[in-house]
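A.B. asks: Here's a sequence, model it:
(2 chains)
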Amino acid sequence: MSERILMQGNDAIARGLVAAGCAVAASYPGTPASEILSSIDRWRKKFGATMHVEWAVNEKVALEIAYTAAIAGLRAAVSMKQVGLNVASDPLLSAAYLGVTGGFLVVSADDPGPHSSQTEQDSRLLAMMAKVPVLDPSSPAQAMALAGTGFDLSEAFGVPVMLRPTTRVCHASQDVVAAPFRPAVREARFVKDPARWAATPVFRRELHDRLAEKIETIAAWPATVPIRVNPDISPAKAVVASGVAFAHARELFGELGISDRIALYQVVQPYPLHAAFIDHLLEAYTEILVLEESAPVIEMQVADRRRVRGRMTGAVPGTGELLPEIVERLLSRFAGLPLPGRALSAQGGGRRPTLCPGCAHRSGFYAIRKAAPDGIYPSDIGCYTLGINLGAVDTVLCMGAAISQAAGFDYAHRLSGKQVDIIATIGDSTFYHAGIPPLIDAVVQGARFVLVILDNGTTAMTGNQPTPGTGIGAGGETLGSVDMEGIVRACGVRFCRTANPDRLPEFVALLKEALVHARERGVAVVIARQPCAMVARLHGGKESGAIVITAECTGCRHCVGRFECPALVFDEAAERVRVDGMTCTGCGVCVHVCPVGAIRRESAGGKRP
Amino acid sequence: MNAGFGGSPGMRQQIVLSGFGGQGILFLSRLLAEAAIAGGFPVLTSETHGMAQRGGVVVSHLKVGGFYSPLVRAGRADMLLVLKEENVPLHREFLADGGALIVNAPLPPDAGPGVRVHALDADALALSAGAPHAVNLILLGFALARIGGGAAGGFFCAAGEVREALSRRQGGGGGRLGDALSALDLGIAHGT
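C.D. replies: Numbering: from 1, shown residues only, chains lettered A, B, ... in the order given. Next comes the predicted model:
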């Protein structure tokens, strides 16, 4: 069986994990890693494998659950995006000291660019800080293979291992031969050893010594030594590359015709870099160009500064994605070839993303600006970050920060004797992920703001994964669920009301009531509950009665500017608005937005414009 | 490099697909990738996910034949398929000299020298066919028919191979497959 099938990088990673006997997998969704867990569940079902697969409440919890399975002797994996690794860094750094008995893989997907992230940080640096080995695949096929290699490495040395793909691996697709499934035949068996699993500081020092020894040995592990692409030549120059930068380089070596003049190596394990490889590089070559994303992890381990060129020396741009056009210029310069004349392709610009037509977040944001026109609007990570287009998002820092920032703005302004209206927004999934501790803190400190929880019953931005409120598991199975209002009240919030933001006039009135409470008595929470329009579109049709623009439209652009629904299109020639029948969901919220009442719903059965 | 049967050895083709989130760019690139595998070619694609999928600019790269990098460099694409005309200035740079621009537009836009432009008003066709979400397949059908498949300078595959890939993808037939095939055929009819 060597049938080649199309697999996305994330699907290939999932296949590699399940095929290698992964028994426990946990994740929190985040681009570019989101598809890994749902694929794991598909492969689990396909093979009838016995597994625990879960969407955890956040990355820290996910890592702890998978890690614990690995200290009970099972193979386990956790997957997340790179900023999720920040959330999970606390258990990771400690887990490196304690180690594992079953194989434990931390899949942290980086996003050089960044394309869909707050930062373009390099998870490999965190692996280095934690002293865990990290593998850096250059393609979906290699990512699948390294999932198995990673488990072997983890078990050979009893350490957590990081697999670090980037967006261009996760969201590349390739024809691959799927890794054969090897059924796991292990039983969970936790062997008590408090000096290790509950180590106090005095034992931690010893564990640190042991970890350092492991890393030294892993720097000689044969299965992950760098790969020489063109071993038959002995040139003075070498290119050392990893990840997708290696894939670009390998293709360009052929196109530029430099395979017979410059040595090309792929580093599969950037940390710890193989010690003999470092010696070899410094013995054999006078000039070494390092291509890697996004930090100089390999480069900084090659100690001779006179021979190495890379991001630290300025030879390679210090920030941003290493697009193939950039790699072409770098290789041409390194090889002494004329630089390519053509400029970089214009990849930026163009139409900006926007909330979907029929999305209830749009109603919520419109209402927030109506209720508190001079307010400060902290927000958070999710689709609703796009509320920035509507002027209703002033800050976005990281998961859960909307609530702490709302409190912070209140304290800062209070010190200056100022009272400002503050309305923070956070999605349901983000609230569960990191919103509860800051809400407790705000109540205790007596912060004065309104928190709107945009509860669309899903993790929409990353592909509609379930939340702890939905009672549905990673494979669609029925699970327990939590009660959002109950959590809010248990945090000590006295004002907690739930409403549908699409009922615009009533929702504005509710926000005003909440603002009065916040000014006088502290945190008020309004839960804006309406299902995600993307989910609703899959399950139901449009409301009856088309939305039409009457002759009263003055072309004032209030609706297109402040409401920004893709289905409301400004017709420049006619100087008025029209409804795009291809995208309008018929939600009818815009009827309440037009200042002159020119947007109406036709009676049911009426003809569409 | 290539395994044989449908494919001509040494064939290499680079295609860029451009549109807005929600138009089904990802679907098109995966469909073509599966047609490539069925034809015996190695294939690499690169997709856009995340926030851009909420109506922003979305681009897919498709490389058929012996490649390692999943990305098409500027000036290297044999074909650029554009589902929204306003993306033409953004992604025109991908096209190689003599490359083909296939664009969803009522009139052929100015794409500068050295580009073969083929325009079709797929929005209007989709609306009149009562299938507003089928713009992607209509334009693909048009491109396959207009550029031609299987021969030198043409697509790496013929329209029939894409039809087969579509049937496999929407396995089991039914209304969705029928609708999809009708959209593809509508495009083919306008490109012939």
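A.B. asks: Read off the pLDDT value for the spatially closest residue to residue A:119 that is not a sequence neighbour.
C.D. replies: Nearest residue to residue A:119, sequence neighbours excluded (Cβ to Cβ, 6 or more residues apart in numbering or on different chains): residue A:83, at 6.3 Å. The way it works is simple: take the backbone N, C-alpha and C, and place the C-beta from them, glycine included. What the model reports for residue A:83 is a pLDDT of 98.
A.B. asks: can you pull the contacts of residue A:83?
C.D. replies: Residue A:83 is in contact with A:30, A:117-119, A:121, A:398-399, counting by Cβ atoms under 8 Å, 6 or more residues apart in numbering or on different chains.
A.B. asks: now these: which count as buried?
C.D. replies: A:30, A:117-118, A:121, A:398-399 (16 or more other Cβ atoms under 10 Å in any protein chain shown).
A.B. asks: from those, which is closest to chain B?
C.D. replies: residue A:117 (8.1 Å; Cβ to the nearest Cβ).
A.B. asks: Now do the same for that closest one: helix, strand or coil?
C.D. replies: Secondary structure, DSSP: H, G, I helix; E, B strand; the rest coil: residue A:117 is coil.
A.B. asks: Can you classify the closest residue to chain B within the stretch 401-550 of chain A by secondary structure?
C.D. replies: Of all residues in the stretch 401-550 of chain A, residue A:461 sits closest to chain B, at 6.7 Å by Cβ to the nearest Cβ. Of the three states, residue A:461 takes coil under three-state DSSP.
A.B. asks: so what's it up against?
C.D. replies: A:31, A:381-383, B:50-51, B:54.
A.B. asks: For the residue lying closest to residue A:587 once chain neighbours are set aside, what is the enclosing helix or strand?
C.D. replies: Residue nearest to residue A:587 in three dimensions, not counting chain neighbours: residue A:358, with 4.4 Å by Cβ to Cβ, 6+ apart. In the assignment (DSSP states H and E), residue A:358 maps to no helix and no strand.
A.B. asks: Which residue would be the closest one in chain A to chain B?
C.D. replies: residue A:116 (2.8 Å).
A.B. asks: Skipping adjacent residues, who's closest to that residue in space?
C.D. replies: residue B:50 (2.8 Å).
A.B. asks: isn't that neighbour right next to residue A:32, touching?
C.D. replies: Yes. With contact defined as Cβ atoms under 8 Å, residue B:50 reaches residue A:32; the gap is 7.1 Å.
A.B. asks: of those two, who's got more company?
C.D. replies: Counted by other Cβ atoms under 10 Å in any protein chain shown, residue B:50 and residue A:32 do not tie: residue A:32 has more neighbours, with 28 against 24.
A.B. asks: Over to that one. Which of the three states is it?
C.D. replies: Under three-state DSSP, residue A:32 falls in the coil class.
A.B. asks: okay, it: pLDDT?
C.D. replies: In this model, residue A:32 carries a pLDDT of 97.
A.B. asks: Please enumerate the strands of chain B.
C.D. replies: Assigned by DSSP state E, chain B shows strands spanning B:13-20, B:43-46, B:57-64, B:77-82, B:95-104, B:116-120.
A.B. asks: mind putting the ones you listed in TSV, mean pLDDT included?
C.D. replies: As requested, the strands of chain B are exported to TSV (pLDDT from 0 to 100):
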stretch	mean pLDDT
strand B:13-20	96
strand B:43-46	98
strand B:57-64	96
strand B:77-82	97
strand B:95-104	95
strand B:116-120	96
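A.B. asks: picking up where we left off before, out of the buried ones among the contacts of residue A:83, which two sit at the greatest distance?
C.D. replies: Farthest apart among those by Cβ to Cβ are A:121 and A:399. That separation is 14.7 Å.
A.B. asks: the longest helix in chain B is where?
C.D. replies: What stands out as the longest helix in chain B, according to DSSP state H, is helix B:174-191.
A.B. asks: and that helix with chain A, contact?
C.D. replies: No. Shown here: helix B:174-191 not in contact with chain A (Cβ under 8 Å from any Cβ of the partner chain), separated by at least 13.2 Å.
A.B. asks: now the residue in chain B that chain A sits nearest to: how far from residue A:386?
C.D. replies: Taking Cβ to the nearest Cβ as the measure, the point where chain B comes nearest chain A is residue B:50, at 2.8 Å. To residue A:386, residue B:50 is 12 Å away according to Cβ to Cβ, to the nearest Å.
A.B. asks: swap in residue B:42?
C.D. replies: 38 Å.
A.B. asks: So which of these two has more stuff around it?
C.D. replies: Here residue B:42 and residue A:386 are compared on neighbour count by other Cβ under 10 Å; more neighbours surround residue A:386, at 26 against 21.
A.B. asks: what bits of chain B have low per-residue confidence?
C.D. replies: Scanning chain B for pLDDT under 70 picks out the ranges B:1-9, B:150-153, B:172-173.
A.B. asks: Go again with 80.
C.D. replies: B:1-10, B:149-153, B:171-175 (pLDDT under 80).
A.B. asks: try chain A
C.D. replies: A:1-2, A:184, A:341-349, A:536-545, A:582, A:603-609.
A.B. asks: could you list every residue that touches residue 96?
C.D. replies: You didn't say which chain, so I picked chain A. Taking Cβ under 8 Å, 6+ apart, we find residue A:96 in contact with A:130-132, A:159-160, A:211.
A.B. asks: try chain B instead
C.D. replies: B:14, B:75-78.
A.B. asks: Tell me if I'm right that residue A:357 and residue A:588 touch.
C.D. replies: No. Taking contacts as Cβ under 8 Å, residue A:357 lies outside contact range of residue A:588: 11.6 Å.
A.B. asks: Those two: which has the busier surroundings?
C.D. replies: Neighbour count, other Cβ under 10 Å: between residue A:357 and residue A:588, residue A:357 has more, with 22 against 19.
A.B. asks: tell me the contacts of that one?
C.D. replies: Contact partners of residue A:357, counting by Cβ under 8 Å, 6+ apart, are A:533, A:565-567, A:583-585, A:587.
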